[in-house]
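Chemist: Could you look at this predicted model? Sequence included:
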Amino acid sequence: MGHLVTVATCSLNQWVLDWEGNLSRIIESIHLAKKAGARLRVGPELEICGYSSLDHFHELDVYTHSLEMLRRLLLDESTHGVLLDVGVPILHRNLRYNCRVICLDGKILLIRPKMWLANDGNYREMRHFTPWMRPRETELFHLPKMLADVQGETHVLFGDAVISTPETAFGAETCEELFTPRAPHIDMALDGVEIITNSSGSHFTLRKLDTRLQLIMEATRKSGGVYLYANQQGCDGERLYFDGCAMIIVNGDVVAQGSQFSLNDVEVVTATVDLDEVRSYRASISRGLQAACSTAKYQRIQTPFELSSEDDDADVTKAPTLPIQPRFHTVEEEIALCGGCYLWDVSR
Ligand SMILES: NC(=O)CC[C@H](N)C(=O)O
């Protein structure tokens, strides 16, 4: 167990109810992540069915087909050997949730429902989903038979928990949660969670990338940590254009940034991060007392799967990815690129 970890996030051009296409792009992103040596991969919000499925989320078929696709993903051994954080809508005790399914080697470790839903501007999540309003609580999710067969068990954990590996802990927050005053990453970071994944369905509006970046940079500058941002890329069948830009940020510095306006269907962004940088950063800012008196303690789901290796730490050629200057388009470029990319994607 070492302290250098290679992680991956991605931008995918998913389409509403394009079951086969969405699954194949998810699998391709996992292959690319594995090829780059990543041991953790996060994908965009609701990537299995497409983010903007709108009132299709009222159709029970969407939940059944989403789980059928999840089953295929779990059974596909080419996706094993890396921790996966996949966006899936889940029906649980008659309520519809916008979830992350955290899985490894064909087994589900945790289903983490979105807690703070997006409901302003073009977002209507409260029309389709119920927010999970119980921070740090979990209960059991009864797997349908098709998944129980794969899992070898009838139930998995559902709720607000985090994953603990031998060397670190990671937790998921979903898109809008980053924008909220009491964002989940704050309590997670105070409880020692070092890596936060954020899977988003964040559409383009002028200068929104600046807002996202400021939020993530400030979050990790205040709390320390590694932040993996994944987003939908391009159109997905509704009116909106999503501007991708998957990113990896460490302690307030961007270390990897994907393209904001891309015609690629799958773009994977990876970085090698040094967990010791998070530990020393967290020790050097005056957060210790806040962490020590924080009563917000997360249930940790244990996995023996290692994100790092001692061999990597001993390999002098293996170094953490260095910070880069974040890239921003000018306002004029954003206007030109979003129109062109929207028209290309929507009309093909
Ligand atoms: N899907 C979401 O939760 C998106 C909401 C968020 N405010 C954004 O625009 O990125």
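Modeler: Arrived safely. Residues are numbered from 1 along each chain as shown.
Chemist: Residues of this structure that sit close to the ligand?
Modeler: Neighbours of the ligand within the chain, by CB under 6 Å from any ligand atom: 45, 118, 123, 175, 176, 179, 200, 201, 202. (C-beta placed from N, C-alpha, C; glycine too.)
Chemist: So which of those residues belong to helices?
Modeler: Among the residues of the chain next to the ligand, DSSP state H puts none in helices.
Chemist: Just the buried residues of those residues.
Modeler: 45, 118, 123, 175, 176, 200, 201, 202 (16 or more other CB atoms under 10 Å).
Chemist: could the residues you listed go into CSV alongside pLDDT?
Modeler: Output for these, formatted as CSV (pLDDT from 0 to 100):
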residue, pLDDT
45, 98
118, 98
123, 97
175, 98
176, 98
200, 98
201, 98
202, 98
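Chemist: from these, which single one is nearest residue 250?
Modeler: residue 200 (18.6 Å; CB to CB).
Chemist: which residues touch that closest one?
Modeler: By CB atoms under 8 Å, 6 or more residues apart in numbering, residue 200 lies in contact with 44, 45, 174, 175, 229, 230, 231, 232.
Chemist: Tally up the residues packed near the nearest residue to residue 63 once chain neighbours are set aside, please.
Modeler: For residue 63, ignoring the flanking residues on the chain, the nearest one in space by CB to CB, 6 or more residues apart in numbering is residue 91 at 4.3 Å. Look at residue 91: counted by other CB atoms under 10 Å, it has 18 neighbours.
Chemist: Which helix or which strand is home to residue 91?
Modeler: Per DSSP states H and E, residue 91 falls inside strand 83-92.
Chemist: Mind listing residues that contact whatever helix or strand comes next after that strand?
Modeler: Per DSSP H and E, the first helix or strand lying C-terminal to strand 83-92 is strand 95-104. For strand 95-104, the surrounding residues in contact (CB under 8 Å, 6+ apart) are 45-46, 57, 63, 70, 73-74, 80, 82-91, 108-114, 117, 125, 128-130, 132, 163, 172, 174, 197, 199, 301, 303, 305.
Chemist: which outside residues touch whatever helix or strand comes next after strand 95-104?
Modeler: Of the helices and strands lying after strand 95-104 in sequence (DSSP H and E), the nearest is strand 107-113. Residues outside strand 107-113 that contact it (CB under 8 Å, 6+ apart): 74, 88, 90, 92, 97-103, 131-132, 141, 143, 147, 150-152, 156-161, 163, 171-172, 301, 303.
Chemist: now stretch 304-320
Modeler: Contacts of stretch 304-320 (CB under 8 Å, 6+ apart): 1-5, 7, 39-40, 83, 104-105, 165-168, 250, 255, 271-275, 277.
Chemist: Same question for that stretch: list its buried residues.
Modeler: Quick answer for stretch 304-320 (16+ other CB under 10 Å): 305, 307, 308, 309, 312, 320.
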